[in-house]
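[1] Mind looking at a prediction? Sequence and model below.
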Amino acid sequence: MRKKIQNIYKKLIYLIFIALNGKIKGILKLKDYKDVTEISFKDNINYRIYFCKNSRIYTDTIHDTAVIQDNFLIEGPSFQFRNNVMSKIEDNIVLKKGTPRFKKKIKGKVFSLLTGGGGNENYFHWLFDVLPRLKILQKKVDIADIDYFLFPDTKLKFQKESLDFFQIPVSKRLSSRHNRHIFADEIITVDHPCVILNDPNRDNENLPNWIINFYRDSFISNINNKKKTKKFFIDRDDSRSNVKHLRSIVNEKEVKNFLSSKGFQIIQLSSLTFLDQINLFSEAKIVIGLHGAGLSNLLFCQPKTKVIEIKLSHIGNMYKNLGNQLNLDYINFIGKGEETNQKFSNQLGNVFVDLNELEKCINSK
(Lines give C-alpha, C1' and ligand atoms only; values in the text may rest on other atoms or scores of the structure.)
Protein backbone atom coordinates (compact mmCIF):
# COMPACT_ATOMS: atom_id res chain seq x y z
CA MET A 1 0.00 0.00 0.00
CA ARG A 2 2.80 2.38 0.95
CA LYS A 3 4.59 1.77 -2.34
CA LYS A 4 1.37 2.39 -4.27
CA ILE A 5 0.92 5.74 -2.50
CA GLN A 6 4.53 6.69 -3.28
CA ASN A 7 4.03 5.90 -6.98
CA ILE A 8 0.86 7.99 -7.09
CA TYR A 9 2.69 10.86 -5.40
CA LYS A 10 5.56 10.66 -7.92
CA LYS A 11 3.18 10.68 -10.88
CA LEU A 12 1.40 13.69 -9.43
CA ILE A 13 4.71 15.55 -9.03
CA TYR A 14 5.68 14.70 -12.63
CA LEU A 15 2.35 16.06 -13.89
CA ILE A 16 2.79 19.29 -11.92
CA PHE A 17 6.26 19.89 -13.37
CA ILE A 18 5.11 19.01 -16.88
CA ALA A 19 2.50 21.75 -16.45
CA LEU A 20 5.19 24.16 -15.20
CA ASN A 21 8.02 23.33 -17.62
CA GLY A 22 6.14 21.90 -20.59
CA LYS A 23 6.10 18.41 -22.00
CA ILE A 24 9.10 17.14 -23.97
CA LYS A 25 7.79 17.14 -27.54
CA GLY A 26 10.37 14.83 -29.05
CA ILE A 27 14.02 14.42 -30.02
CA LEU A 28 16.12 16.78 -32.13
CA LYS A 29 18.52 14.37 -33.82
CA LEU A 30 22.19 15.27 -34.11
CA LYS A 31 22.06 15.14 -37.93
CA ASP A 32 19.44 17.90 -37.84
CA TYR A 33 21.19 20.08 -35.26
CA LYS A 34 23.22 22.89 -36.80
CA ASP A 35 24.98 24.66 -33.92
CA VAL A 36 27.87 22.20 -33.71
CA THR A 37 31.60 22.68 -34.32
CA GLU A 38 34.02 19.78 -34.76
CA ILE A 39 37.62 20.04 -33.61
CA SER A 40 40.56 17.61 -33.83
CA PHE A 41 43.43 16.54 -31.58
CA LYS A 42 46.78 15.01 -32.51
CA ASP A 43 45.57 11.54 -31.55
CA ASN A 44 43.27 11.66 -34.61
CA ILE A 45 40.33 12.03 -32.24
CA ASN A 46 37.54 14.41 -33.17
CA TYR A 47 35.24 16.08 -30.68
CA ARG A 48 32.11 18.13 -31.11
CA ILE A 49 31.32 21.37 -29.30
CA TYR A 50 27.59 22.08 -29.02
CA PHE A 51 26.20 25.61 -28.77
CA CYS A 52 22.61 25.52 -27.53
CA LYS A 53 21.01 28.97 -27.42
CA ASN A 54 18.01 29.70 -25.19
CA SER A 55 18.12 26.18 -23.82
CA ARG A 56 17.79 24.37 -20.54
CA ILE A 57 19.72 21.52 -18.98
CA TYR A 58 18.34 18.96 -16.54
CA THR A 59 20.28 16.22 -14.76
CA ASP A 60 19.56 13.44 -12.30
CA THR A 61 23.28 13.83 -11.30
CA ILE A 62 23.98 10.11 -11.90
CA HIS A 63 22.81 8.57 -15.16
CA ASP A 64 21.08 11.12 -17.36
CA THR A 65 21.59 14.69 -18.48
CA ALA A 66 19.21 16.37 -20.93
CA VAL A 67 19.80 19.51 -22.97
CA ILE A 68 16.45 20.83 -24.13
CA GLN A 69 15.63 23.53 -26.67
CA ASP A 70 12.03 24.59 -27.36
CA ASN A 71 11.02 21.46 -25.41
CA PHE A 72 12.91 19.17 -27.78
CA LEU A 73 15.60 16.88 -26.33
CA ILE A 74 18.85 17.46 -28.26
CA GLU A 75 20.85 14.38 -29.24
CA GLY A 76 24.58 14.87 -28.78
CA PRO A 77 24.90 17.18 -25.78
CA SER A 78 22.39 14.99 -23.89
CA PHE A 79 23.57 11.63 -22.55
CA GLN A 80 22.25 8.61 -20.68
CA PHE A 81 24.24 5.78 -19.11
CA ARG A 82 22.74 2.29 -18.97
CA ASN A 83 24.72 -0.78 -17.84
CA ASN A 84 27.98 1.18 -17.97
CA VAL A 85 27.63 2.27 -21.63
CA MET A 86 26.20 5.35 -23.32
CA SER A 87 22.67 4.37 -24.25
CA LYS A 88 20.51 5.66 -27.10
CA ILE A 89 18.84 9.05 -26.76
CA GLU A 90 15.40 7.43 -26.66
CA ASP A 91 16.25 6.10 -23.17
CA ASN A 92 16.77 9.54 -21.64
CA ILE A 93 14.68 9.77 -18.50
CA VAL A 94 13.09 13.14 -19.35
CA LEU A 95 11.08 11.48 -22.12
CA LYS A 96 9.30 9.47 -19.41
CA LYS A 97 9.09 11.78 -16.42
CA GLY A 98 9.82 15.27 -17.76
CA THR A 99 12.01 17.63 -15.75
CA PRO A 100 10.72 17.43 -12.16
CA ARG A 101 12.75 20.29 -10.69
CA PHE A 102 12.13 24.02 -10.46
CA LYS A 103 13.96 25.83 -13.24
CA LYS A 104 16.65 28.37 -12.39
CA LYS A 105 17.15 31.10 -14.98
CA ILE A 106 20.72 32.16 -15.64
CA LYS A 107 21.78 35.06 -17.81
CA GLY A 108 24.79 34.39 -20.04
CA LYS A 109 26.77 31.38 -21.25
CA VAL A 110 26.93 28.18 -19.20
CA PHE A 111 29.55 25.54 -20.04
CA SER A 112 28.48 22.10 -18.81
CA LEU A 113 31.18 19.63 -17.73
CA LEU A 114 28.67 17.04 -16.51
CA THR A 115 29.71 13.45 -17.04
CA GLY A 116 27.52 11.14 -14.94
CA GLY A 117 27.83 10.00 -11.34
CA GLY A 118 31.53 9.14 -11.52
CA GLY A 119 32.48 12.81 -11.67
CA ASN A 120 30.68 13.64 -8.41
CA GLU A 121 33.35 12.40 -6.00
CA ASN A 122 35.76 10.09 -7.85
CA TYR A 123 39.25 11.49 -8.40
CA PHE A 124 39.93 9.42 -11.55
CA HIS A 125 36.73 10.55 -13.26
CA TRP A 126 37.31 14.15 -12.21
CA LEU A 127 40.76 14.12 -13.81
CA PHE A 128 39.88 12.22 -16.98
CA ASP A 129 36.17 12.85 -17.60
CA VAL A 130 35.62 16.37 -16.29
CA LEU A 131 38.64 18.71 -16.41
CA PRO A 132 39.85 17.76 -19.94
CA ARG A 133 36.62 19.28 -21.27
CA LEU A 134 38.19 22.66 -20.53
CA LYS A 135 40.96 21.89 -23.03
CA ILE A 136 38.44 20.78 -25.68
CA LEU A 137 36.47 24.01 -25.22
CA GLN A 138 39.61 26.15 -25.43
CA LYS A 139 40.15 24.95 -28.99
CA LYS A 140 37.23 27.17 -30.00
CA VAL A 141 36.13 29.38 -27.11
CA ASP A 142 37.98 31.77 -24.80
CA ILE A 143 37.40 30.49 -21.25
CA ALA A 144 37.06 34.09 -20.09
CA ASP A 145 33.92 34.43 -22.22
CA ILE A 146 32.11 31.76 -20.19
CA ASP A 147 29.84 33.21 -17.50
CA TYR A 148 29.30 29.98 -15.54
CA PHE A 149 30.76 26.46 -15.41
CA LEU A 150 28.43 23.61 -14.44
CA PHE A 151 30.34 20.83 -12.67
CA PRO A 152 29.15 17.47 -11.25
CA ASP A 153 30.07 18.93 -7.85
CA THR A 154 32.50 21.43 -6.36
CA LYS A 155 32.59 20.61 -2.65
CA LEU A 156 35.60 18.28 -2.33
CA LYS A 157 39.07 19.58 -1.65
CA PHE A 158 40.65 18.26 -4.86
CA GLN A 159 37.79 19.76 -6.89
CA LYS A 160 38.18 23.20 -5.35
CA GLU A 161 41.97 23.20 -5.54
CA SER A 162 42.18 21.97 -9.14
CA LEU A 163 39.64 24.59 -10.22
CA ASP A 164 41.72 27.22 -8.40
CA PHE A 165 44.76 26.08 -10.38
CA PHE A 166 42.91 26.34 -13.69
CA GLN A 167 41.70 29.79 -12.63
CA ILE A 168 37.97 29.09 -12.67
CA PRO A 169 36.56 31.82 -10.39
CA VAL A 170 34.52 30.60 -7.44
CA SER A 171 31.74 32.99 -8.46
CA LYS A 172 31.44 31.16 -11.81
CA ARG A 173 31.25 27.60 -10.42
CA LEU A 174 27.92 25.82 -10.35
CA SER A 175 27.35 22.40 -8.78
CA SER A 176 24.78 20.12 -10.39
CA ARG A 177 23.84 19.01 -6.87
CA HIS A 178 22.19 22.39 -6.37
CA ASN A 179 21.52 23.27 -10.02
CA ARG A 180 19.74 20.26 -11.46
CA HIS A 181 17.59 22.27 -13.84
CA ILE A 182 18.67 25.58 -15.36
CA PHE A 183 17.72 27.75 -18.32
CA ALA A 184 20.43 29.92 -19.88
CA ASP A 185 20.95 32.25 -22.82
CA GLU A 186 23.38 29.64 -24.11
CA ILE A 187 24.43 26.20 -22.88
CA ILE A 188 27.69 24.86 -24.28
CA THR A 189 28.81 21.24 -23.99
CA VAL A 190 31.44 18.96 -25.54
CA ASP A 191 31.78 15.25 -26.26
CA HIS A 192 33.13 12.93 -23.57
CA PRO A 193 36.96 13.22 -23.53
CA CYS A 194 37.66 9.49 -22.98
CA VAL A 195 34.63 7.45 -23.99
CA ILE A 196 35.43 7.26 -27.70
CA LEU A 197 34.24 3.72 -28.51
CA ASN A 198 31.29 3.76 -26.07
CA ASP A 199 32.99 1.07 -23.99
CA PRO A 200 34.12 2.85 -20.77
CA ASN A 201 36.14 -0.13 -19.46
CA ARG A 202 38.10 -0.40 -22.69
CA ASP A 203 38.30 3.36 -23.25
CA ASN A 204 39.68 3.97 -19.74
CA GLU A 205 42.45 1.49 -20.51
CA ASN A 206 43.47 3.52 -23.57
CA LEU A 207 43.46 7.13 -22.42
CA PRO A 208 44.11 9.68 -25.18
CA ASN A 209 47.68 10.97 -25.20
CA TRP A 210 46.48 14.56 -25.45
CA ILE A 211 44.92 14.31 -21.97
CA ILE A 212 48.20 13.06 -20.50
CA ASN A 213 50.05 15.89 -22.25
CA PHE A 214 47.44 18.38 -21.04
CA TYR A 215 48.32 17.58 -17.43
CA ARG A 216 52.05 17.17 -17.96
CA ASP A 217 52.22 20.55 -19.72
CA SER A 218 50.00 22.24 -17.12
CA PHE A 219 52.15 21.06 -14.20
CA ILE A 220 55.54 20.97 -15.89
CA SER A 221 57.13 23.20 -13.22
CA ASN A 222 55.91 20.81 -10.50
CA ILE A 223 57.28 17.73 -12.27
CA ASN A 224 60.61 18.51 -13.87
CA ASN A 225 64.02 18.31 -12.19
CA LYS A 226 62.80 16.70 -8.99
CA LYS A 227 64.92 14.16 -7.14
CA LYS A 228 63.22 10.76 -6.99
CA THR A 229 63.58 9.96 -3.30
CA LYS A 230 60.09 9.14 -2.01
CA LYS A 231 58.94 5.59 -1.31
CA PHE A 232 55.33 5.34 -0.26
CA PHE A 233 52.25 3.14 0.00
CA ILE A 234 48.82 4.59 -0.83
CA ASP A 235 46.57 3.95 2.16
CA ARG A 236 42.94 3.75 0.97
CA ASP A 237 41.38 3.91 4.45
CA ASP A 238 40.22 7.41 3.47
CA SER A 239 38.40 6.21 0.35
CA ARG A 240 34.89 7.69 -0.11
CA SER A 241 33.74 4.82 -2.34
CA ASN A 242 30.54 3.05 -1.30
CA VAL A 243 32.11 -0.23 -2.49
CA LYS A 244 35.33 0.28 -0.55
CA HIS A 245 34.71 -2.92 1.43
CA LEU A 246 34.53 -4.86 -1.86
CA ARG A 247 38.03 -3.87 -2.96
CA SER A 248 40.59 -4.06 -0.18
CA ILE A 249 43.78 -5.78 0.96
CA VAL A 250 42.81 -8.60 3.30
CA ASN A 251 46.08 -8.42 5.26
CA GLU A 252 46.51 -4.66 4.94
CA LYS A 253 47.80 -4.08 8.48
CA GLU A 254 50.52 -6.66 7.89
CA VAL A 255 51.42 -5.04 4.54
CA LYS A 256 51.66 -1.58 6.11
CA ASN A 257 53.89 -2.82 8.96
CA PHE A 258 56.13 -4.61 6.48
CA LEU A 259 56.47 -1.59 4.20
CA SER A 260 57.08 0.77 7.15
CA SER A 261 59.97 -1.49 8.19
CA LYS A 262 61.39 -1.07 4.66
CA GLY A 263 61.35 2.73 4.85
CA PHE A 264 58.07 3.36 3.05
CA GLN A 265 55.75 6.15 4.07
CA ILE A 266 52.07 5.22 4.54
CA ILE A 267 50.12 8.07 2.96
CA GLN A 268 46.44 8.93 2.74
CA LEU A 269 46.17 11.17 -0.30
CA SER A 270 43.07 12.99 0.98
CA SER A 271 45.27 14.59 3.66
CA LEU A 272 47.28 16.34 0.93
CA THR A 273 46.40 19.32 -1.22
CA PHE A 274 46.00 18.79 -4.95
CA LEU A 275 49.41 20.33 -5.67
CA ASP A 276 51.01 18.37 -2.83
CA GLN A 277 49.80 15.14 -4.44
CA ILE A 278 51.37 16.20 -7.73
CA ASN A 279 54.65 17.09 -6.02
CA LEU A 280 54.66 13.81 -4.06
CA PHE A 281 54.30 11.67 -7.19
CA SER A 282 56.82 13.77 -9.10
CA GLU A 283 59.39 12.93 -6.41
CA ALA A 284 58.45 9.25 -6.20
CA LYS A 285 61.07 6.54 -6.44
CA ILE A 286 58.65 3.69 -5.67
CA VAL A 287 54.85 3.86 -5.49
CA ILE A 288 52.84 0.92 -4.13
CA GLY A 289 49.08 0.85 -4.02
CA LEU A 290 45.92 -1.17 -4.43
CA HIS A 291 44.06 -0.56 -7.70
CA GLY A 292 42.13 2.67 -7.16
CA ALA A 293 41.68 6.30 -8.14
CA GLY A 294 44.78 7.45 -6.24
CA LEU A 295 46.93 5.85 -8.94
CA SER A 296 45.62 8.49 -11.35
CA ASN A 297 48.47 10.58 -9.96
CA LEU A 298 50.89 8.43 -11.94
CA LEU A 299 50.29 11.22 -14.46
CA PHE A 300 52.82 13.25 -12.52
CA CYS A 301 55.59 10.66 -12.06
CA GLN A 302 58.94 11.00 -13.75
CA PRO A 303 60.04 8.35 -16.26
CA LYS A 304 61.35 5.07 -14.79
CA THR A 305 59.56 5.55 -11.46
CA LYS A 306 58.77 2.09 -10.08
CA VAL A 307 55.05 1.46 -9.62
CA ILE A 308 53.65 -1.69 -7.99
CA GLU A 309 49.90 -1.95 -8.48
CA ILE A 310 48.25 -4.57 -6.26
CA LYS A 311 45.13 -6.14 -7.75
CA LEU A 312 43.38 -9.35 -8.79
CA SER A 313 43.90 -10.87 -12.22
CA HIS A 314 40.46 -9.88 -13.57
CA ILE A 315 40.90 -6.16 -12.84
CA GLY A 316 41.58 -3.97 -15.86
CA ASN A 317 44.85 -2.51 -17.10
CA MET A 318 44.10 1.23 -17.05
CA TYR A 319 47.05 2.03 -14.77
CA LYS A 320 49.36 -0.48 -16.42
CA ASN A 321 48.70 1.16 -19.79
CA LEU A 322 49.00 4.64 -18.29
CA GLY A 323 52.36 3.60 -16.81
CA ASN A 324 53.52 2.34 -20.20
CA GLN A 325 52.47 5.60 -21.85
CA LEU A 326 54.53 7.49 -19.26
CA ASN A 327 57.55 5.14 -19.51
CA LEU A 328 57.25 4.07 -15.86
CA ASP A 329 58.70 0.87 -14.42
CA TYR A 330 55.28 -0.66 -13.84
CA ILE A 331 54.81 -4.00 -12.03
CA ASN A 332 51.49 -5.81 -12.13
CA PHE A 333 51.29 -7.45 -8.68
CA ILE A 334 48.56 -10.09 -8.87
CA GLY A 335 47.48 -11.10 -5.38
CA LYS A 336 45.34 -13.97 -4.19
CA GLY A 337 41.60 -13.59 -3.87
CA GLU A 338 38.27 -13.91 -5.59
CA GLU A 339 36.20 -11.65 -7.80
CA THR A 340 33.08 -10.34 -6.09
CA ASN A 341 29.60 -10.97 -7.43
CA GLN A 342 28.75 -7.28 -7.35
CA LYS A 343 27.76 -5.24 -10.39
CA PHE A 344 30.78 -3.88 -12.30
CA SER A 345 32.90 -6.49 -10.50
CA ASN A 346 35.67 -6.10 -13.07
CA GLN A 347 36.96 -3.37 -10.73
CA LEU A 348 36.26 -5.13 -7.44
CA GLY A 349 37.61 -7.95 -5.31
CA ASN A 350 39.50 -8.36 -2.02
CA VAL A 351 43.13 -9.41 -2.32
CA PHE A 352 45.71 -11.14 -0.09
CA VAL A 353 49.31 -9.95 -0.49
CA ASP A 354 52.20 -12.39 -0.15
CA LEU A 355 54.92 -10.33 1.56
CA ASN A 356 57.75 -12.42 0.13
CA GLU A 357 56.48 -11.79 -3.40
CA LEU A 358 56.02 -8.11 -2.65
CA GLU A 359 59.62 -7.87 -1.40
CA LYS A 360 60.85 -9.47 -4.63
CA CYS A 361 59.01 -6.82 -6.64
CA ILE A 362 60.46 -4.01 -4.52
CA ASN A 363 64.01 -5.34 -4.99
CA SER A 364 63.68 -6.18 -8.69
CA LYS A 365 65.75 -4.18 -11.16
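    Received it, and whenever you're ready, just let me know what you need.

[2] for the stretch 201-350 of the chain, what are the low-confidence residue spans?
    By pLDDT under 70, the weakly predicted segments of the stretch 201-350 of the chain are 239-245, 338-347.

[3] For it, just list every one of the helices.
    Taking DSSP state H, counting those that start in this stretch as the test, the helices found in the stretch 201-350 of the chain are 209-218, 220-223, 252-261, 274-282, 318-325.

[4] Format the ones you listed as a markdown table; extra columns: mean neighbour count and distance to residue 61.
    Placement of C-beta: from N, CA and C, glycine included. Converted to a markdown table, the helices of the stretch 201-350 of the chain look like this (neighbours: other Cβ atoms under 10 Å; distance: least, Cβ to Cβ, whole Å):
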| stretch | mean neighbour count | distance to residue 61 |
| --- | --- | --- |
| helix 209-218 | 16 | 24 |
| helix 220-223 | 13 | 32 |
| helix 252-261 | 15 | 32 |
| helix 274-282 | 19 | 23 |
| helix 318-325 | 19 | 24 |
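
[5] now these in a markdown table, with distance to residue 199?
    A markdown table is the format used below for the helices of the stretch 201-350 of the chain (distance: least, Cβ to Cβ, whole Å):
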| stretch | distance to residue 199 |
| --- | --- |
| helix 209-218 | 17 |
| helix 220-223 | 31 |
| helix 252-261 | 32 |
| helix 274-282 | 28 |
| helix 318-325 | 13 |
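
[6] now for the ones you listed, which one comes closest to residue 124?
    helix 318-325 (8.2 Å; Cβ to Cβ).

[7] what's that closest one packed up against?
    helix 209-218, strand 306-311, strand 329-334 (3 or more Cβ pairs under 8 Å, 6 or more residues apart in numbering; DSSP states H and E).

[8] Any idea which of the ones you listed gets closest to residue 235?
    It is, among the helices and strands packed on helix 318-325 and with distance given as Cβ to Cβ, strand 306-311, at 12.3 Å.

[9] Could you tell me how far that closest one lies from the centre of the chain?
    Distance of strand 306-311 from the chain centroid (Cα atoms, centre = their mean, to the nearest Å) equals 21 Å.

[10] What is it packed up against?
    By 3+ Cβ pairs under 8 Å, 6+ apart, strand 306-311 packs against strand 284-290, helix 318-325, strand 329-334, helix 355-363.

[11] Now do it against helix 318-325, angle only.
    160 degrees (axes from the mean of the first three to the mean of the last three Cα atoms, to 10 degrees).

[12] What pairs with strand 306-311, parallel or antiparallel?
    Strand 306-311 has its sheet partners listed here by DSSP bridges as strand 284-290 (parallel), strand 329-334 (parallel).

[13] Show me which positions of the shortest one end up buried.
    The one in question is strand 329-334. 330-333 (16 or more other Cβ atoms under 10 Å).

[14] Give the bridge partners for the closest residue to residue 68 other than its chain neighbours, please.
    Using Cβ to Cβ, 6 or more residues apart in numbering and skipping residues adjacent in sequence, the residue nearest residue 68 is residue 56, 5.0 Å away. With DSSP bridges applied, residue 56 shows beta-bridge pairing to residue 68, residue 183.

[15] Looking at residue 56 now. What's its pLDDT?
    pLDDT for residue 56: 98.

[16] before we move on, what about residue 1?
    So residue 1 comes in at 71 (pLDDT).

[17] ok, now how distant is it from residue 7?
    Distance from residue 1 to residue 7, counting by Cβ to Cβ, to the nearest Å: 11 Å.

[18] Looking at the two, which one has more neighbours?
    residue 7 (10 against 5; other Cβ atoms under 10 Å).

[19] pLDDT wise, what is the nearest residue to residue 62 once chain neighbours are set aside at?
    With Cβ to Cβ, 6+ apart as the measure, residue 117 is the residue that lies nearest to residue 62, at 3.9 Å, once sequence neighbours are left out. Looking at residue 117, its pLDDT stands at 87.

[20] Residue 117 contacts residue 61, correct?
    Yes: if you go by Cβ atoms under 8 Å, residue 117 and residue 61 touch, sitting 6.8 Å apart.

[21] I'm done for today, thanks for sticking with me.
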